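In: sequence plus predicted model, see below.
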Amino acid sequence: MQINISAKEGAPIYQQIVNQVKYLVASGRLATGEEIPPIRALAEQLTINPNTVARAYLELERAGVVTKRHGAGTYVSESGSPLARRERVRILTRRIDALLAEAINMGIELDEIVDLLRERHAPLQTRSGK
Amino acid sequence: MTFPSTSSADAVIAVTGLSRCFGSKLALDEVSLFVPRGSVFGLVGENGAGKTTLIKHILGLLKAESGSVRVFGKNPVADPVGVLSHVGYLSEHRDLPAWMRVDQLLCYTRAFYPGWDPHYAEQLREQFGLDPAARVKTLSQGQQAKAGLLIALAFRPELLLLDEPSSGLDPVVRRDILEAIIRTVADEGRTVLFSSHLLDEVERVSDQLAMIHHGRLVLCGRLDEIKESHRRLVLRFDSPQTALPSMKQALSIRGSGREWTVLCNGERNALCASLQQLGARVVDEQIPSLDEIFVAHAGRKAGEAESSTALS
Amino acid sequence: MRSPALAIAWEIWHRNRMGGVASLAVIGTAGLINWLVRGNSRWAGLAEVTGYVLLVLALFFTFGGFHFTEGRRKGGFGSFPFRLFNMPVATSWLVAFPMLYGSVAVLTIYLAGAWLIFVPLGKALPMVWPCLYLICAFTQFQMIIWSFPESRYLKLLCLSLAAAVIALGWMFFLPHIIEGTLSELGYTGSPALFKRYLFIGLALTGPAAFGISLYRVHQQRHGVTLGLRHFDLGREWISRRFLPRSRPFRSGTQAIFWQEWRQTGSILPIGVAAILAMTFVPTYLSGPLTPRATLGVLSWIFLSPLLLAVIIGRGFSKPDFWNQELNMTPFNAIRPLTSGQWVTAKLKVAAGSVLLTWGLVLYVSFVWTTWAGDFEELDRLFQQLMFHYSAQERWLLPVLAIFAVLILTWRFMVNGLAVGLSGRKRWYQFSNLLTGLVWVTLFAGVIWRSDHSDHNLHLYDVWQWIIWLPLALAGAVIAKSTLAAWAWYQVDQRQMLSRHSIYTYFGFWVLATGLLVGLVVLAFPHTVWLRNLLILLSMTVVPLARPGMAMLTLAKNRSGS
C-alpha cells in the first residue's frame, strides 16, 4: 500500500492517512477484502508514530471503509456498502467544487464545462467498455 | 499554554519547578513537565533555549538547583545506578572513545546492562552496516551516530533519551534513527524523549510535545491538541492597512495592504471578535504546520511571551 | 608581514597575560626581599635557594604557557593550531613567530630572575650558556610538540625524554663539570676551545629545531602524514586476527577497569622503559662500568619510577588522561555505576601499572648489572648495611623495602585523584603548582647541599625544626584519620561502595601500613627517636582519606556542580 504523508501540510497526519486510504479504496487500487498492513509495519514504513496509525485505522473502521478481524489483521470492507458509495461521491464532490471554482475564476460557463466533460468522457468510455 | 497530560502517577519523567542558572544566564525557568509511559515526547526549542540542560538534569548530569527531577520515581543524582541502568542515551556530541573498535564498544557497553540482547545488537549492527573491526575514529559522523544509537538501543531500555539525534546527519541516517525510535516505542511500555530542530520529524513521530523558549515552557501537551488549538487566519480588509495592533491572542501577524495573515493561539473566537472590530473579514482558516507554530512562538520577545502565558 | 606577527603575539600574550604578570610580580617581590636582606648571611642562604626555586618554577610555567598548540577535540592534547592553516600566511612565518616569542619570553624570565633576584645577593649568574641552553630547550620542546600530531604515545615519549634531558642536562654546562668530564674522557685539547664549539653547537640547535618544525608543520598543512602506513596496516591486521573481543566482561567494574587500563595503564611502564633504554643501552655499549658508576646508575634507575609517578600521577588524576578538560564525558557519566566503583577502577589500574613498572625495573636492572655492571661495590655496600642485622632480617629488609617503594610509587600516582576528579580547574592547577613547588624545592635543596657540602649542618641549626616534626606528623595522622572517617562515612551513607569493599580497603591500609612500620622497626632497632618519627611518617604514607574524598568529589563532578 503506497501512501505518502507530509508533515508540512496543515492536515493532521492521521487525517492524511484516512483520506489516502479512502481514495485508494474508491479508485480501486485497494481491492475489496485486501489486507492493509498492520499498524506497526505501516508506522515503520512511513516513520510515524504507531499511535497515529492506530487512530487512522480506528477512523477508517468507524467510517466503514475497513473491518478488523480479531487477531487476523485489517481488511478492506465490501464495496457495496452504502458508506463506501457515499464516500466515493464525497470525494468526487470535492473535486467538482475545486473545478467549478477555477472555472468561475477563468470565466468559463457551466454549459462549456458540461460539453468538455462529455468530450473527455467519450474516449474513456470506449476504452473501459472493451 | 499547557494542556493537562496524563497524571503524574503514570509519568516516567516528572520535572517540577526546575530552575537553573549558569552564572548570570537563566537556562531554565520554573519548568514543569511529565512524560507519560509509552509516549514519544518531542522537545523543541531554539539553540540555547535549554533543551540540553533539561536532558542533562534528567540524566543526573546536572543537579537541580531548585525544583525536583524524578525518573522512574527516583532522583537521578542520588541514585545513578537505579535510574541509568534503564536509560539509553545518545548525546548530541558524539563522544565515543576514538580508540575503541566497534566490537569492543559493544562488549564494553554490554557489561553494564543485564538486559542486553546480543541477537538484537547483532541485527542492528548489520542493519546499520558497521564493521566490527573498525575503530571509532575511522567512522564517519553518521556511522558514529549509528554506533551511539546501537549501544543505546541494544539493551532495550525503558527510557530512550536522544539529544538532537539528527544533527549534522544525512537523510539516510536520519531515517534509520527515526525507524529505531518507532520500533522502540512500538514495544509496549517503552518511552522516548528526544529533542530536535527538525520539526517535520518531531511532528511525524511524537505524540507529546514541549516547546522551550528562553528557558520557559511555552507549549506542552499532546501534539494533536496543540495543533488543533492553533489556527492560521487569512484576513481581508476593505482598506489597505499599514500596521495592525498587536493582539493578545495573535502569535504572529504578517502581511501588507489588504491581506494579512494572523496565527492564532487558542482563543479563536475572541480574536475573531476583535478582528471584526478592526474591520477585517476572515477569508481562510487553516491548521498551521508545526514549523509555523514554532517560528511564531520563538519570534515573540520574552516580555510578550510572559504576558501571553499569564493569560492562558 | 607585520599584522600576522602582531596577531600571533597578541594571541599568545592574551592567553598568558595573568600568568606572565604574576611570574614577573613574584620575581620582582623576591628581588625586593632579597635586596632588603642582602646583608644578613643567615637569610641569604635561604633566599638563594628560594630564588632558584622561583626561577625554575617561573621557567616551567613559561614553557607550559608559551607553547603554541591547540587540540582538535575540545581539551585534547594538540599540535599546531589547525585553524591557522587557512590564513594567507606562509608556513615559515607561522612557525617562526611562536618560536621566537616563546624564546624571548623564556629569556626575559631568566634575565629578570638573574638580575632582580640574584644581583642583590651579590651572586652573578652566568649569562651566555644559560640563555643559549634555554633557547635550545624551548625550541626542541616546541618542535617535539608540533611534530607528532597522529601518535600521542610517541609524542608523550619524546616529550618525557626531552624533559628529562633538559631538566638535568644543564648541569653539564657548569664550569667545573665540563673540565672534569673532559679530563675523565682523556681529552687533551684546550677546554676553552671545546666550550666554544659546544656553545656554537648549542646555538645551532635553535635553527635546527626551526627547520624540522617547519618541515613537519608544512607536511601537516598539506595533509602529508608521517608515512607510518605500513606500521598502521600491520597493527590493524594483528588486532583483527588475534585480538577480537569475543569474551564478554563479567561486570561493569571489569569493563571500566579494561577501559582505564587501555587508556592510561601503560604510560608509566612505557616511560620507565624509555628511561631504562636510554640509560642502560649506552652504558652497556660503552663497556663495563666502575663500581661507583654502577651504583650511581642503579640509584638513578630506582629513583626514576618515583619521579615519573609524581609527574604522571598529575595527569592520571584527571578523569581522562589525554584530555585537559576535567569533566567526565557523558559516555562515561551515564553508565550505571557509582562514583565509588569508578575510583576503585582507577586505584586498581594505578596498582597494576606500578607493579608492572617495578617488575620491569627490577628484572632489567638485574640483567644489566650481571652483564655490564659491577657487583663488587653493591655487594660491599650490602654487607656494610646489613652488618648489624640477623640472617632473617637480611632477607626480610630488602623485601620490605621493595614493598615500601611500591606503596610509595602507588601513592604518588593516586595522590591527586581527589582534586583531579573534582572537575575544578583552579584547584587542579593550584595542586599542580604545590606539588611542583615541593619537588623543585627538594631538588634545589639537594643541589645546594651538594654545592655547599663544606658547610656543616650542625644539629642545633635544625634542632628547632626537628622538635616540631613529631608533633606535626602526629597532627597529620590525626587529621588524616578524622577526614578519612568522615569521608568513608559519607561514601557509605550514599551507598557509593559496598560495605565489603570499604572494609577490604581498610584491611589493605592496615596491612600496608603495618608492613611499613615493620620495615622501620626492623631497620632502626636502636635509634628510638628516629624510629618513632619514621613510624609516624609511615602512617601518613598510605592514602586513607584521599580515595574516599575522591569518590565524593567525583560524584559532585558527575552532576555538574
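Out: That came through, no problem.

In: which ones are touching B:Arg174?
Out: Contact analysis of B:Arg174 by Cβ atoms under 8 Å, 6 or more residues apart in numbering or on different chains lists B:166, B:198, B:201. (C-beta placed from N, C-alpha, C; glycine too.)

In: same thing but 6 Å
Out: B:Arg174 makes contacts with B:Ser166, as judged by Cβ atoms under 6 Å, 6 or more residues apart in numbering or on different chains.

In: where does pLDDT dip in the stretch 301-450 of chain C?
Out: Counting by pLDDT under 70, the ranges of the stretch 301-450 of chain C that qualify are C:373-374.

In: same thing but 80
Out: Along the stretch 301-450 of chain C, the parts satisfying pLDDT under 80 run over C:370-394, C:444-450.

In: could I get the phi/psi values of the closest residue to chain A within it?
Out: Here the stretch 301-450 of chain C gets closest to chain A at one residue, C:Ile334, 25.8 Å apart by Cβ to the nearest Cβ. Main-chain torsions, C:Ile334, degrees, to the nearest 10: phi -90, psi 10.

In: how about it: what's its closest non-neighbour residue?
Out: B:Tyr89 (5.0 Å; Cβ to Cβ, 6 or more residues apart in numbering or on different chains).

In: residues near the residue of the stretch 301-450 of chain C closest to chain A, how many?
Out: 24 (other Cβ atoms under 10 Å in any protein chain shown).

In: about what we covered before: name the helix or strand for the residue nearest to C:Ile334, please.
Out: For B:Tyr89, the element it lies in under DSSP states H and E is strand B:87-90.

In: any residue of stretch C:479-491 touching chain B?
Out: No - applying Cβ under 6 Å from any Cβ of the partner chain, one finds stretch C:479-491 out of contact with chain B, separated by at least 12.7 Å.

In: the residue nearest to C:Ile334 and chain A, how far apart?
Out: Going from B:Tyr89 to chain A by Cβ to the nearest Cβ, to the nearest Å gives 21 Å.

In: repeat for B:Leu105
Out: 26 Å.

In: what strand or helix carries that residue?
Out: Per DSSP H and E: B:Leu105 is located in helix B:102-110.

In: can you name the next helix or strand after that helix?
Out: That would be, after helix B:102-110 and using DSSP H and E, helix B:118-128.

In: name the residues of that next one that are buried.
Out: For helix B:118-128, the neighbour count (16 or more other Cβ atoms under 10 Å in any protein chain shown) marks B:121, B:124-125, B:128 as buried.

In: close to chain A: what parts of chain B are there?
Out: Residues of chain B lying near chain A (Cβ under 6 Å from any Cβ): B:40, B:178-179, B:182, B:186, B:200, B:203-205, B:207, B:224, B:286-287, B:289.

In: what would the buried residues of helix B:118-128 look like in CSV with distance to chain C?
Out: Converted to CSV, those look like this (distance: Cβ to the nearest Cβ, whole Å):
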residue, distance to chain C
B:Ala121, 11
B:Leu124, 17
B:Arg125, 13
B:Phe128, 18
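
In: from those residues, pick the one nearest A:Ala101.
Out: Distances from A:Ala101 to the buried residues of helix B:118-128, taken as Cβ to Cβ, are shortest for B:Phe128 (49.7 Å).

In: just checking, the closest one touches B:Gln144?
Out: No - counting by Cβ atoms under 6 Å, B:Phe128 does not reach B:Gln144; the two are 10.9 Å apart.

In: about what we covered before: biggest separation within the residues of chain B next to chain A, which pair?
Out: Longest span within the residues of chain B next to chain A, Cβ to Cβ: B:Ala186 and B:Gln286, 31.3 Å.

In: when the two are compared, which one has more neighbours?
Out: B:Ala186 (18 against 15).

In: report pLDDT for the more buried one.
Out: pLDDT, B:Ala186: 77.

In: which of the buried residues of helix B:118-128 lies closest to chain A?
Out: Set against chain A, the nearest of the buried residues of helix B:118-128 by Cβ to the nearest Cβ is B:Leu124 (14.1 Å).

In: and whichever residue of chain A sits closest to chain C, what pLDDT?
Out: Nearest residue of chain A to chain C (Cβ to the nearest Cβ) works out as A:Asn49 at 25.8 Å. Looking at A:Asn49, its pLDDT is 89.

In: how about it, what does it touch?
Out: Counted by Cβ under 6 Å, 6+ apart, A:Asn49 has contacts B:40, B:205, B:207.

In: report the beta-bridge partners for the first one.
Out: What it means is B:Val40. B:Val40 has these beta-bridge partners by DSSP bridges: B:Val192.

In: what's near enough to touch it?
Out: B:Val40 neighbours (Cβ under 6 Å, 6+ apart): A:49, B:185, B:192, B:205-207.

In: taking those one by one, which sit in strands?
Out: B:Val192 (DSSP state E).

In: would you turn the contacts of B:Val40 into TSV with distance to C:Pro319?
Out: Formatted as TSV, the contacts of B:Val40 follow (distance: Cβ to Cβ, whole Å):
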residue	distance to C:Pro319
A:Asn49	39
B:Val185	34
B:Val192	29
B:Val205	35
B:Ser206	35
B:Asp207	38
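
In: which PyMOL command selects the buried ones in the contacts of B:Val40?
Out: In PyMOL syntax, the buried subset of the contacts of B:Val40 is picked out as below (16+ other Cβ under 10 Å):
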select buried, (chain A and resi 49) or (chain B and resi 185+192+205+206+207)
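
In: just the closest of the contacts of B:Val40 to chain C, please.
Out: Distances from chain C to those, taken by Cβ to the nearest Cβ, are shortest for B:Val192, at 16.1 Å.

In: residue contacts, that closest one?
Out: Contacts of B:Val192 by Cβ under 6 Å, 6+ apart are B:40, B:160, B:181, B:184-185.

In: contacting residues around the lowest-mean-pLDDT helix or strand in chain C?
Out: When each helix and strand of chain C is scored by mean pLDDT, DSSP states H and E, helix C:175-185 comes last, with a mean of 71. With Cβ under 6 Å, 6+ apart as the contact definition, helix C:175-185 has outside contacts at C:Pro191.

In: also stretch C:91-106?
Out: C:4-5, C:8-9, C:12, C:62, C:66, C:68, C:84, C:134-135, C:138-139, C:142, C:213-214, C:217-218, C:221.

In: among those, which ones are in helices?
Out: Judged by DSSP state H, helices contain the following of the contacts of stretch C:91-106: C:4-5, C:8-9, C:12, C:62, C:66, C:134-135, C:138-139, C:142, C:213-214, C:217-218, C:221.

In: wait, is A:Thr32 part of a helix?
Out: No - according to DSSP: H, G, I helix; E, B strand; the rest coil, the state of A:Thr32 is coil, so it is not within a helix.
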